[in-house]
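Participant: just need the structure, nothing else, for what follows:
(one chain, ligands or ions: 1)
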Amino acid sequence: MRPLIIPFFIPHAGCPHTCLFCDQRLISGNHAPLPPAEQITATVHEWLDRSPGRTAEVAFYGGSFTLLPRQTQEQLLGAVQPLLAEGAVQGIRLSTRPDALDADMLDFLAGYQVRTIEIGVQSLDEGVLHRSGRGHTGQQALEAIQRVATAGFQVGAQLLPGLPGDSPAKALDSLRGVVAAGAQFLRIYPAVVLSGTGLADLYRHGHYHPPDLEEGIRLCAALLREATTAGCPVVRIGLQADDGLVPGQTILAGCWHPALGQLVKGELFYDLVLQLASRLDDRAEMVLYCHPQRLSEVRGHGNRNLRRWHEGGLPLCAVRTDPLLEQQQIRIETVRQKLKDSLITIRNHKEYTYA
Ligand code: SF4
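Facilitator: Sure, this is the predicted structure:
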C-alpha cells in the first residue's frame, strides 16, 4: 500500500519568481499563512486517526520550499521531527525548483530526514523554459535530478506540457530526459490558463492557445504510455479538483477535468482495443477482457470508450474481467480468434499537435 501523504501547502511562499503560468495560491487552494508546529502535529494525528495502520509522510507542497528562509524551513521541518521520532510518520517530502537544490541544501534536508524531493521541471526545452519565465535551464533541471538521486533521496519530476513553444515531441523528449536523469516518479500537469497569470494575458490577446481537453488527453496519454514503457510511475495527472479551480472563471482555458487521470488512462485502453480489433479477421461476437482493477478505465470515464467504440462501428458484445490478465493487458475474443496485447508493447499511437 502506498504511504498516506499528509499535505501542507505553502502557496508561493519562498518563491521570488513569477512563472508565466503560476498562481500557486489558486492552484493549492490555500490562502492561509504557513502552518505552525501545533497545527502540523494536530493535522497529522487527525489524518492518522482516519487511516489507522498506514505508513505516512508529511508533504510540503506549493511554492519552492528550499527558497524559504532557512529559519522557516527549520521551523516546518522541525515540527515534523517529534512525529518521526515517535514513528507516527516515516518521512518528509517537499517540492521545489531545480536551481534551489545545491549540495549544502541537500545535506540540510537529509539532516531533517527528508525522504523525497519533487522537482518542478516543467520542460527541458530551453525555448519553452525561457518563454515561461522559469529562470533556469533544462540542464540545471537534469543536474538537479541527478544530484538529488545520487544523494540518496527519492526524486520525482513535475512536467507541464503544452506551454508556449511546446509541442508533443518536445514534451515527450522532456519526459525521456528526466527519466534518463533518474526521476523515479512523475507528475504531469497539462497547461491550463489561470486567471491573473501572464499566460492569461497571452491567451486573452490571442498569442497563446493551450491544448484543449481532448488534445490534452491525447498528449497526456502519449506521455503516460512513454513513462509506463520506461517503468516510471506517473502518480498524478492534472491539477487537483478544488473549489478555487472553476472552468470559465479561474480556469480560462486548457486541459482540465476533475477526472483527468482516468480520462487519460482510459485513452490508452481505447487505442489498444482499436489496434487489437484492426488485427482481427472476423469481428463476430467480439468480447473484450481486462483485469478487474482496470474495468472502469477500459470502459472509459462515463462509458466514454464504450460509446466511441460503438459510434466507430466496433461490434463489441461485452466487456468482461479476467484476473489472470496483467493490469496492462487486454484480450479480445471472437468466434474464431483470440488476441492479446499490452499497453506497454503497443507503440503505434496517433500523433497530435496543437498551436
Ligand atoms: S517557481 Fe514555482 S512557485 Fe515560483 S512562480 Fe514558478 S511555478 Fe510558481
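
Participant: next SSE downstream of the lowest-mean-pLDDT helix or strand in the chain?
Facilitator: When each helix and strand of the chain is scored by mean pLDDT, DSSP states H and E, helix 24-27 comes last, with a mean of 60. Next along the chain after helix 24-27, taking DSSP states H and E as the criterion, comes helix 37-50.

Participant: contacts for that following helix?
Facilitator: 4, 6, 8, 35, 54, 56, 58, 75-76, 78-80, 82-83, 88-89 (C-beta atoms under 8 Å, 6 or more residues apart in numbering). The C-beta positions use only the backbone N, C-alpha and C, and glycine is treated the same way.

Participant: out of the residues you listed, flag the one nearest to the ligand.
Facilitator: Checking these against the ligand by C-beta to the nearest ligand atom gives F8 as the nearest, at 15.1 Å.

Participant: from A110, how far off is the closest one?
Facilitator: Note on F8: its distance to A110, by C-beta to C-beta, to the nearest Å, is 20 Å.

Participant: what about these two, which has more around it?
Facilitator: Between F8 and A110, counted using other C-beta atoms under 10 Å, F8 has the larger neighbour count: 22 against 13.

Participant: let's verify that one: helix, strand, or coil?
Facilitator: Assigned by DSSP: H, G, I helix; E, B strand; the rest coil, the conformation of F8 is strand.

Participant: for beta bridges, what are the partners of the residue of the stretch 251-355 of the chain found nearest the ligand?
Facilitator: Per C-beta to the nearest ligand atom, G254 is where the stretch 251-355 of the chain lies closest to the ligand, at 15.3 Å. For G254, the beta-bridge partners under DSSP bridges are V192.

Participant: right, and it touches G216 too?
Facilitator: Yes. Taking C-beta atoms under 8 Å as the definition, G254 is a contact partner of G216 at 7.1 Å.

Participant: which one of those two has more residues nearby?
Facilitator: Comparing G254 with G216 by other C-beta under 10 Å, the one with more neighbours is G216, at 28 against 24.

Participant: from the rest of the structure, what touches the helix or strand encompassing the more buried one?
Facilitator: Per DSSP H and E: G216 is located in helix 213-230. The contact list for helix 213-230, computed with C-beta under 8 Å, 6+ apart, reads 159, 161-162, 168, 171-172, 175-176, 179, 186, 188, 190-191, 210-211, 233-234, 237-238, 254-257, 260, 263-265, 267-268, 271, 328, 343-344, 346, 349-352, 354.

Participant: C-terminal to it, what's the next element?
Facilitator: Sequence order places strand 234-237 as the next helix or strand after helix 213-230, per DSSP H and E.

Participant: got the buried residues for that next one?
Facilitator: By 16 or more other C-beta atoms under 10 Å, the buried positions in strand 234-237 come out as V234, R236, I237.

Participant: then stretch 236-246?
Facilitator: For stretch 236-246, by 16+ other C-beta under 10 Å, it's R236, I237, G238, L239, G244, L245.

Participant: which one of those is nearest the ligand?
Facilitator: L239 (12.4 Å).

Participant: overlap in contacts, G254 and G216.
Facilitator: Common contact partners of G254 and G216 (C-beta under 8 Å, 6+ apart): G162, P190, A191, P210.

Participant: is P7 in a bridge, and if so with what?
Facilitator: Applying DSSP bridges, one finds that P7 bridges with A59.

Participant: and it, what's its pLDDT?
Facilitator: Looking at P7, its pLDDT stands at 93.

Participant: list the contacts for it?
Facilitator: Contacts of P7 (C-beta under 8 Å, 6+ apart): A59, F60, Y61.

Participant: show me which of the residues you listed is closest to the ligand.
Facilitator: The closest of those, once distances to the ligand are taken by C-beta to the nearest ligand atom, is Y61, at 10.3 Å.

Participant: show me the contacts for that closest one.
Facilitator: Y61 neighbours (C-beta under 8 Å, 6+ apart): P7, F8, F9, I10, S28, L94, S95, E118.

Participant: from the ligand, how far out is T250?
Facilitator: The gap separating T250 from the ligand is 16 Å, by C-beta to the nearest ligand atom, to the nearest Å.

Participant: tell me where the stretch 1-150 of the chain has helices.
Facilitator: Under the criterion DSSP state H, counting those that start in this stretch, the stretch 1-150 of the chain contains helices at 24-27, 37-50, 70-85, 103-111, 126-131, 138-150.

Participant: so P190 sits right up against I251, yeah?
Facilitator: No. P190 lies out of contact with I251 (C-beta under 8 Å); the separation is 11.9 Å.

Participant: quick one on the thing from earlier: need the buried residues of strand 234-237 in a markdown table (columns: pLDDT and distance to S123).
Facilitator: Converted to a markdown table, those look like this (pLDDT from 0 to 100; distance: C-beta to C-beta, whole Å):
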| residue | pLDDT | distance to S123 |
| --- | --- | --- |
| V234 | 97 | 16 |
| R236 | 96 | 17 |
| I237 | 97 | 16 |
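
Participant: just these that are near the ligand?
Facilitator: Among the buried residues of strand 234-237, proximity to the ligand is found for none (C-beta under 6 Å from any ligand atom).

Participant: returning to what we had before: which two in the contacts of helix 37-50 are spaced the farthest apart?
Facilitator: Spatial extent of the contacts of helix 37-50 (C-beta to C-beta) is set by the pair R54 and Q75 at 26.0 Å.

Participant: the two: which has the busier surroundings?
Facilitator: Q75 (16 against 13).

Participant: now that one. Nearest residue, chain neighbours left out?
Facilitator: Closest residue to Q75 apart from its sequence neighbours, by C-beta to C-beta, 6 or more residues apart in numbering: A37 at 6.9 Å.
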